[in-house]
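# Structure for the following, please:
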Amino acid sequence: PTLFRSVYIFLAWLFTLVPLGGIAERVNFLSAVVGAAGVVAIYIFILMMFDHLLPAAVGSISLMVAAQWWSYASLAQPYSGVVLLIILLLIMLMLWQRKGDVRLVWGGAFIFGLGLVWHSSLVMFLPVLAAGVFLFGPWRKLLAIKPLLLTLLFFFIGFAFYAYLPIR
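Modelled structure (predicted):
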């Protein structure tokens, strides 16, 4: 199980370097930071979807006060990070649809690779990502060899965090 969470373990180790509180409190602080980032990300996502402040505020405040969300975000667990990564990937899909910039797919490939190392359950989101890239964006830009290879390269760069544990 720890093999599938090496990004989380690495970030938790970085948070243990913060000179406040005990080690357990520092790692719990990582989960709180990720939970707060998830609230901000859902605000941005809803704002992009509806282009109005009210739905974005209601959605993010609803998440902010949800007991289930903070039950994950107040303990040293990787689960709120998976949701944050999914929201970030959805934001990137929306930008891909609007702008058609291939760099968004490369960034999404990197985040997806990193996310698989954060927690392997993110693999369940792959059909949504593939459908989003090919149904909502200018996917023909990806058919050339250079963009396709760069997409794979960025995925493997993010996925390379798996190498952390054997090296460690």
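# Compute the number of surrounding residues for residue 65.
Counted with other Cβ atoms under 10 Å, residues neighbouring residue 65 total 10. Every residue, glycine included, has its C-beta placed from N, CA and C.
# wait, what's in contact with residue 84?
Applying Cβ atoms under 8 Å, 6 or more residues apart in numbering to residue 84 gives the contacts 34, 37-38, 41.
# Would you quantify the distance from residue 123 to residue 115?
Remark: distance between residue 123 and residue 115 (Cβ to Cβ, to the nearest Å) = 9 Å.
# For the two, indicate the residue with more neighbours.
residue 115 (25 against 11).
# is it true that the more buried one touches residue 124?
No - Residue 115 is not in contact with residue 124 according to Cβ atoms under 8 Å; the separation is 11.1 Å.
# Tell me the buried residues within the contacts of residue 84.
By neighbour count, with 16 or more other Cβ atoms under 10 Å, the contacts of residue 84 hold 34, 37-38, 41 as buried.
# and which of these is nearest residue 102?
residue 41 (22.5 Å; Cβ to Cβ).
# In the helix or strand where residue 127 lies, which residues are buried?
Assigned by DSSP states H and E, residue 127 belongs to helix 126-136. Buried residues in helix 126-136, counted by 16+ other Cβ under 10 Å: 129, 132-133.
# mind putting the residues you listed in CSV, pLDDT included?
Shown next, in CSV, are those (pLDDT from 0 to 100):
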residue, pLDDT
129, 91
132, 90
133, 90
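# Identify, from the residues you listed, the entry nearest to residue 159.
Using Cβ to Cβ, residue 129 is the member of the buried residues of helix 126-136 that lies nearest residue 159, at 14.3 Å.
# Run through the helices of the protein in chain order.
Assigned by DSSP state H, the helices in the chain fall at 6-16, 23-50, 53-64, 67-73, 79-99, 102-118, 126-136, 145-159, 164-167.
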